[in-house]
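Trainee: Sequence and predicted model, in that order:
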Amino acid sequence: MKVLQNCPLKPFHTFGMDVKASFFVEYDSVDELKNVLSQYDMPCRKWLHIGGGSNLLFVSDYDGVVLHSCIQGYEVVSDSEDEVLVRVGAGVTWDDFVSYAVSRQWYGAENLSLIPGEVGASAVQNIGAYGVEAKDLIVKVEALEVATGKECAFSNAECRYAYRESIFKKEWKGKYIITYVTYRLSKRPQFHLDYGNVREELGKQGCELTLANVRNTIIRIREAKLPDPKVQGNAGSFFMNPVVPRMLYESLLAKYPDMPHYQVDEEWVKIPAAWMIDRCGWKGKQMGRAGVHDKQALVLVNLGGATGQEIVTLSQQIQASVYEKFGIAISPEVNFI
């Protein structure tokens, strides 16, 4: 276990804000986490659990305890002819898990390649990309109850997953700390290629349809349009793609025939937030030390020395202009701390 006081948080979140935490505690096991909960009287103290820090925006110093899991490991808990269930430590880097699955010819996670963060966060945020979400793979989530230190386990249904949502972000926010996640992966070829330009990019490469090639294609697409947070601070996609009633979508389509969309069901349609932000003229714009990435309008960037409040102000102006032009409210995917 590692404990740091007045700890600079710049290395622990991808936006690169110059902020500090009163305490930073890193633990390696469930038993260590139990000790931390008891030692620091966590039920009565202000605390924050982070993963890779890729979905956070610190707007000030954190006057409390920041926790980080280093729980590692992969365990195959069930193995059949058609599928495998693998239990993964919450502190495993998400893309390491994807690479692990692809190397073993297990299908399902490849479209989620290169998403920043860690395994525990996948179960909280219900991360997703290119037509696949974590909820499609999750079987069980294990956690510690903060108030009691009790070990708990929850089924997929109990987690109440929705688009970028889970019960851990709502009713159970701050009540549990995730320790392990079990995923179901297929041993039989199952590809999802019709979201975005995945199939088109595969065709350009002229390569065989394999797990490794799909993963590499997803990585190339992401690297081409998303800035490296080690070079330019960002949190990836800053806003969620709004899901709107079909009637609103059809009225907008009449005005903007080139508007991309993804049908959710007969009543609801998802519209890419990036397209609307771009149409409002924000791509590549700067406001002081904060800006909108010049290749992907969904990404807000720290141009160097930006404060969290500068990013917040920029995001609010973007929200206002999108609502004024399209009548659609877009919401941040990033958590303001």
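Mentor: Great, that's in hand. Residues are numbered from 1 along each chain as shown.
Trainee: Quick check: longest helix in the chain by residues?
Mentor: Ranked by residue count, the top helix of the chain under DSSP state H comes out as helix 308-326.
Trainee: Enumerate every residue touching Lys10.
Mentor: Residues counted as contacts of Lys10 (Cβ atoms under 8 Å, 6 or more residues apart in numbering) are Gly16, Met17, Asp18, Val19. C-beta: built from backbone N, CA, C; applies to glycine.
Trainee: What is the longest helix of the chain packed up against?
Mentor: strand 56-57, helix 273-279, strand 286-287, strand 290-292, strand 299-302 (3 or more Cβ pairs under 8 Å, 6 or more residues apart in numbering; DSSP states H and E).
Trainee: Let me know which of those is tucked in deepest.
Mentor: When these are scored by mean count of other Cβ atoms under 10 Å, the highest mean neighbour count falls to strand 299-302 (a mean of 26).
Trainee: low-confidence ranges in the stretch 151-300 of the chain?
Mentor: Judged against pLDDT under 70, the stretch 151-300 of the chain has no low-scoring part.
Trainee: all helices for it, in order.
Mentor: All helices of the stretch 151-300 of the chain, identified by DSSP state H, counting those that start in this stretch, fall at 198-205, 211-225, 246-255, 273-279.
Trainee: Can you check which of those helices gets nearest to Ala147?
Mentor: The closest of those to Ala147 is helix 273-279. By Cβ to Cβ, the value is 36.5 Å.
Trainee: Check which helices and strands that closest one sits against.
Mentor: helix 308-326.
Trainee: Any buried residues in the helix it packs on, and which?
Mentor: Residues of helix 308-326 classed as buried: Gly308, Glu310, Ile311, Val312, Leu314, Ser315, Ile318, Gln319, Ser321, Val322, Phe326 (neighbour count, 16 or more other Cβ atoms under 10 Å).
Trainee: Next SSE downstream of it?
Mentor: Downstream of helix 308-326, the first helix or strand assigned by DSSP states H and E is strand 335-336.
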